[in-house]
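Participant: could you work out the structure for the sequence below:
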Amino acid sequence: MHGTENPSAWLQRWAHLIAPGSHVLDVACGAGRHMRWLAAQGHRVQGVDRNPEALAWAQAHGEVICADIENGPWPFPGQTFGCVVVTHYLWRPLLSLIVDSVAPGGVLIYETFAAGNETVGKPSRPDFLLQPGELLQATAGLRTVAFEDGFEPSPDRFVQRIAAVRPLTAGQGQRWPLHAA
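Facilitator: Here you go, the predicted model:
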């Protein structure tokens, strides 16, 4: 089943930015591959997806909510999380809600397909492909720690990825390590 494979290497690379024991939201979590890995790291995880069969797998790793977030209300109004994870999912009307769901001191780890992917496979519809710099624009209220936008082989795909934090304060002095300690 989709969503039972290993967690994203991008998530694993930047998970050190997540404060210990954080409440983490996995958007479009599928069967919970990221929930499983994050729970094993000691985080309290919550996932949302519209597929009840996938959520039956994911619920073993944390709290799940079955909701069609593209056609229904956002199930987390006013809530914030120590981390929000999104992979292989894009629904532009939700981008601002996703960014707003990152708590002060929290991190957004986002990875999905980008323009150019239509030349190598699916998804191929522009509705599901980020345009150059689009993820940077959508996360302008956060501090970008890492960003990638390009082609990745094996499997061939065009991706855009970001790890961005919401600073605790407007001042200087906060540190976001580029590598785990």
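Participant: right, and residue 97 touches residue 74 too?
Facilitator: Yes. Between residue 97 and residue 74 there is a contact at 5.0 Å, judged by Cβ atoms under 8 Å. The way it works is simple: take the backbone N, C-alpha and C, and place the C-beta from them, glycine included.
Participant: just checking, residue 137 is part of a helix?
Facilitator: Yes. Using DSSP: H, G, I helix; E, B strand; the rest coil, the secondary structure at residue 137 is a helix.
Participant: any idea how many residues pack against it?
Facilitator: 11 (other Cβ atoms under 10 Å).
Participant: what of residue 179?
Facilitator: Neighbours of residue 179 using other Cβ under 10 Å come to 7.
Participant: ditto for residue 112
Facilitator: 21.
Participant: so it bridges to which residues?
Facilitator: Counting by DSSP bridges, residue 112 forms beta bridges with residue 160.
Participant: cool, and residue 108?
Facilitator: With DSSP bridges as the rule, residue 108 is bridged to residue 84, residue 164.
Participant: contacts only, for residue 95.
Facilitator: By Cβ atoms under 8 Å, 6 or more residues apart in numbering, the residues touching residue 95 are residue 138.
Participant: for the one helix or strand it maps to, buried residues please.
Facilitator: Residue 95 is located in helix 95-100, with elements delineated by DSSP states H and E. Going by neighbour count (16 or more other Cβ atoms under 10 Å), the buried part of helix 95-100 is 95, 98-100.
Participant: tell me where this protein has helices.
Facilitator: 9-14, 33-40, 52-58, 95-100, 134-138 (DSSP state H).
Participant: list the buried residues for the longest one?
Facilitator: What that stands for is helix 33-40. In helix 33-40, counting by 16+ other Cβ under 10 Å, buried: 33-39.
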